[in-house]
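**Q** give me a model of this one.
(2 chains)
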Amino acid sequence: MEDKLTKEEVLHVAKLARIDITEEEIEKYQVELKQLLNEVEKINEVKGYDDEILIAPWSDNTTLRSDSEGEMLDPKKVIENAPKHSGNYIEVPVVIGESEGA
Amino acid sequence: MSNYIPTIGVEVHVELKTKTKIFSNSKNGYGQMANSLTNVIDLGYPGTLPTLNEEVVNLAIKAATVLNCKIRKQMHFDRKNYFYPDNPKNYQITQFQTPIGYDGYVEIELNNQKKKIYIEEMHIEEDTCKSTHRGTKTLLDFNRAGVPLIEIVTKPCMSSKKEAVLYLEKLKELLFYSDISDCKMEEGSMRADANVSIRKNESDPFGTKVEIKNIGSISNVGLSIEKEIKRQEKLYNNNETFKEQTRRFDDKLEDTVLMRVKETGNDYRYFPEPDIPFVVITDEMIEEVKKTIPMLPDERREKYKELGVSDINTNKLVQNRSLSDYFNQLLDKNTNHKIASNLLLGDISQYLNKTEKEIFDTTLTIPRFLELISLMEDNTLTSKNLKEIIDIVLESNKTIKEIMKDENIENITDDNAIREVIKQIISNNQESVEDYKNGHDRAIKYLMGQVMKETKGKANPKMAMDILIEELQ
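**A** Okay, the predicted model is just below:
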C-alpha cells in the first residue's frame, strides 16, 4: 500500500473544499490524508458491516412532523447575518455556472 | 433526412403542495417578500436538526402510486456535498441510495399506439435557495430553500422530442390531478432537464451524453431537444467529438448554450444523512394515501367517451380540472352528456372567462344544470335564448323555467300554432315556394326567416323547419 496520496489527489480534495494550498501543504497532506484514509479503512474490516447499513447511532425510526406552520425569522434578522445585502436579498459576488443541487 | 437515432431521458423536479417545508415548519410559499419565509433550519444555522414533514412522505407515496412505481418500505436520506451560495449547509439532503419510488412508468399515446415511458426512480429532496444574477452580484432568496421536491428520472427510453413532450404533458396532468403539485413551469414549481445523445445504429453503444438544464416550458423541452440533436449530428458529420457536458436552453437564441464540460464525474461524496433515521413506510400508510387519489385523467377520458362526449370535448374538459370535476357529478345522472359538455365548454366557459370565475363559484347547482340540459334537449330553450339569459342562470337561484318566464322568453312549441303561421307564409310567398321546388336552397332559408320574423323569434327553430319542409311537399 502506498504511504501517501498523489499530488493530484490532494489538489482535487482542495478543489472540492474550495481552498488554495501551498506546495509545502500539498506534501504535508499527501501523508496526513493518507493516514486518515488508512484509519477509515479499518472500519471495513469489521465483520457484519455489510449486513445492514447503520445511518444513525440509535435504532428508532424517524418520527414524522405534522405539516403545520411555526414561527419564522424576521427578514431583517436574516440579512443582518450576511456581510452584504441588497434590499431583503442576501448579496454575494456573482457566481458563474449553476447550482449543482436540485 | 437524419440517419442518427436519438436517445432521450428526462429528469423532472416538482415542488410539492405542502403547507410547510420539508425539514422545517416554515411556510412553503411563492411570490412573497424575499427571505421572509425562513427559519434557522432553512438557513443552515449550526446545531439545527431537520424534522421530516409527514405530508411530504404522503405526497411522495401518492406520486409513486400514480406513476406506477414500486415503493420502498424502508428508506433513508443522503447528503450530497457541494459548495455553492444557494446551499447554506454545504450539502443538500436528498435520496441517493434508497429513492422512495422505483421501476415505474407513464403511458403515452404516440401515433394512436400506447407506449410506456419507464421511470427509473423518483426521490425526495429539498430545494435550494433562489439565486438571481445581476451584473457583478448574485442575490439570494431563501424562501425556496427547503421547499419539498420530488425528482422523477426516466430511463433513456425516448427517441424523439415528441415522446418527451407527450411524457411531460402526461406527467404534469397526473401530478396536477392528484394534488401533488400545482406544476406551474412559469413559477418554477415544475422544472425539466433533458439528457440527449445520438448514435447511428441500435447496436452501437450510446453516444456522448449532453444534459440540458432547467428548461422553462414543455414546448421548449421539445425545441431544445430538436436543436441539440441537430447540433450533435453536425459535429459527428464533421468527424468531431465532444465531451460530456451540461448546456442550458437560451430562450432568445432558441438554442442550447454550453454551461460546463464535465471533466470528471461529479464528486458529491454522498453519505447517509445521520440526522434523519430510517423512514418506514407501512402498508397502512400506502392504503390511506391511495384513498385520496381522485379519478385520474385517463379514466375520466374513457368515461366521457362512453357517455357519447366527442373527443374534442373530452380533451377540453380534462384540460380544465374544475370543469371536469363538475362534469364528474353528472356521470351517474340520466341526462344528455353531450349537451352538458357543449354547454360547459360553450356559453358557460365564456361566462367563466369573462367573469374570471370557476364553475363552483356560480349558482349552477347540479339540479339546475340538469333542468337546463333538459330544456335545451327538447328545444324549449334555444341556444340563441340561452345566450340572453346565461348570466342570470349562473348568478341567480331561480329555476331555469322561472328565469325564462321573467325574461319573457317563451318558445312557441305548439305544433298547430307554428303550422298556422307557416301556412300563411307559404301562401304569401308563392315565388319562393316555386324557387324551392326548382331546387334553390336559398329559398328555404328565406322562408324560415319569414317564420322567425312573424313569430318574433319565438318559434322553436327545429320544429319550425320540420313543419316548413313538410308543408312545402
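**Q** let me know the pLDDT of residue 7.
**A** Because you didn't say which chain, this covers chain A. A:Lys7 carries a pLDDT value of 94.
**Q** wait, chain B
**A** On the pLDDT scale, B:Thr7 gets 97.
**Q** from what I see, it and B:Ser159 are in contact.
**A** Yes: applying C-beta atoms under 8 Å, one finds B:Thr7 in contact with B:Ser159, separated by 6.6 Å. C-beta: built from backbone N, CA, C; applies to glycine.
**Q** neighbour count winner among those two?
**A** B:Thr7 (19 against 14; other C-beta atoms under 10 Å in any protein chain shown).
**Q** next SSE after the strand or helix carrying that one?
**A** Using DSSP states H and E, B:Thr7 sits within strand B:5-15. The helix or strand immediately downstream of strand B:5-15 is helix B:54-66, counting by DSSP H and E.
**Q** give the other helices and strands that that next one contacts.
**A** strand B:70-71, strand B:101-110, strand B:113-126, strand B:148-154, helix B:161-177, helix B:283-291 (3 or more C-beta pairs under 8 Å, 6 or more residues apart in numbering or on different chains; DSSP states H and E).
**Q** just the CA trace of it, in PDB.
**A** Written as PDB, here are the backbone C-alpha positions of helix B:54-66 (Å, rounded to 0.1, in the frame of the first residue of the first chain):
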ATOM      1  CA  GLU B  54     -45.400  13.900   7.100                       C
ATOM      2  CA  GLU B  55     -47.200  15.400   4.200                       C
ATOM      3  CA  VAL B  56     -44.100  15.200   2.000                       C
ATOM      4  CA  VAL B  57     -43.900  11.500   2.600                       C
ATOM      5  CA  ASN B  58     -47.600  11.100   1.800                       C
ATOM      6  CA  LEU B  59     -47.400  13.100  -1.400                       C
ATOM      7  CA  ALA B  60     -44.300  11.200  -2.500                       C
ATOM      8  CA  ILE B  61     -46.200   7.900  -1.900                       C
ATOM      9  CA  LYS B  62     -49.100   9.300  -3.900                       C
ATOM     10  CA  ALA B  63     -46.700  10.300  -6.700                       C
ATOM     11  CA  ALA B  64     -45.100   6.900  -6.700                       C
ATOM     12  CA  THR B  65     -48.600   5.300  -6.900                       C
ATOM     13  CA  VAL B  66     -49.900   7.400  -9.800                       C
END
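**Q** can you list contacts of that helix?
**A** If you take C-beta atoms under 8 Å, 6 or more residues apart in numbering or on different chains as the criterion, helix B:54-66 is touched by A:64-67, B:14, B:16-20, B:22, B:69-71, B:100-101, B:104, B:122, B:124, B:148, B:150, B:152, B:174-175, B:178, B:180, B:279, B:281, B:285-286, B:288-290, B:292-293, B:296.
**Q** report the buried members of those.
**A** Taking 16 or more other C-beta atoms under 10 Å in any protein chain shown as the criterion, what is buried in the contacts of helix B:54-66 is A:64-65, A:67, B:14, B:16-18, B:20, B:22, B:69, B:71, B:100-101, B:104, B:122, B:124, B:148, B:150, B:152, B:174-175, B:178, B:180, B:279, B:281, B:285-286, B:289.
**Q** distance of the residue nearest to B:Ile366 when sequence neighbours are not counted from chain A?
**A** Nearest non-adjacent residue to B:Ile366, counting by C-beta to C-beta, 6 or more residues apart in numbering or on different chains: B:Gln329, 5.4 Å away. B:Gln329 sits 29 Å away from chain A, going by C-beta to the nearest C-beta, to the nearest Å.
**Q** isn't B:Gln329 right next to B:Thr365, touching?
**A** No: between B:Gln329 and B:Thr365 there is no contact under C-beta under 8 Å: 9.8 Å.
**Q** residue ranges with poor pLDDT in chain B?
**A** B:1-2, B:262-266, B:412-413 (pLDDT under 70).
**Q** nearest residue to the most centrally placed residue in it other than its sequence neighbours?
**A** Residue closest to the average C-alpha location in chain B (C-alpha atoms, centre = their mean): B:Glu173, at 4.0 Å. Distances taken as C-beta to C-beta, 6+ apart place B:Pro297 nearest to B:Glu173, at 5.0 Å, with adjacent residues excluded.
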